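A.B. asks: generate a structure from the sequence data that follows.
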Amino acid sequence: MDFFDVSFEESLDEQLVNAILDVGRDIRRLFEGKESQSRILMILRLQRVVTQKMLIQILHIQPGSASEILKKMEKAGLIIRVPNEMNRRASDIVLTRQGKSVSEKLIEQRRGRYREMMACLSGDEKVSLFSMLDRMKEDWQQRFRAVPESTIASGDSSLQKERNKISETSSDGK
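C.D. replies: Model (predicted):
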């Protein structure tokens, strides 16, 4: 029997997780993309002032990539760097007037895309979906917060041991 001829029947749990992963990938691919400049503009519009270190942490990008992107944005007149009052070695990154204008347009486009993405759901369905996703998020944060990501990703059998440790620790503290 050929490997590819084997039919794999997924459980409902597997189907749900895969559907959630697919939706997440679709959101990133179709509506958010990976355009760091746009994301930085929107972050600055909401945060007003950030450091390069903060952007690296928020966007999960390498310091060299951040420097390159910020240099391009500065050259385009979208941002300026001003000395940080508390740390002379750091610079605060702020939007210029042009950067504010572009970021406002991006935020409006994003809101429109989000409305379009959710148009297939009624108001009640949106509330129900949000409630379920929120409950899952809270549950996962509680149960998996102390489990190393590499353990979860590898499907390691020690995952159950880690979960048990977490449960024991949290029940001892109650």
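A.B. asks: which residues in this protein form strands?
C.D. replies: 49-51, 79-83, 91-95 (DSSP state E).
A.B. asks: so for Arg115, which of those sits nearest?
C.D. replies: strand 91-95 (25.0 Å; CB to CB). Every C-beta, even on glycine, is put in place using the N, C-alpha and C of the backbone.
A.B. asks: and the contacts of that closest one?
C.D. replies: Applying CB atoms under 8 Å, 6 or more residues apart in numbering, the contact partners of strand 91-95 are 41, 44-45, 48-52, 55, 70, 78-84, 103.
A.B. asks: if you set the cut-off to 7 Å instead, what comes out?
C.D. replies: Outside strand 91-95, the residues that touch it by CB atoms under 7 Å, 6 or more residues apart in numbering are 44-45, 49-52, 70, 78-84, 103.
A.B. asks: show the buried residues in those.
C.D. replies: If you count burial by 16 or more other CB atoms under 10 Å, the buried members of the contacts of strand 91-95 come out as Leu44, Arg45, Val50, Gln52, Leu70, Leu78, Ile79, Ser103.
A.B. asks: right, and the last one touches Ile40 too?
C.D. replies: When you say that, I think you mean Ser103. No. Counting by CB atoms under 7 Å, Ser103 does not reach Ile40; the two are 9.0 Å apart.
A.B. asks: show the average pLDDT along stretch 71-85.
C.D. replies: If you average the pLDDT over stretch 71-85, you get 93.
A.B. asks: what does stretch 50-59 give?
C.D. replies: Here the average pLDDT along stretch 50-59 is 90.
A.B. asks: how about low-confidence regions in this protein?
C.D. replies: Within the chain, the ranges that satisfy pLDDT under 70 run 1-8, 31-34, 146-174.
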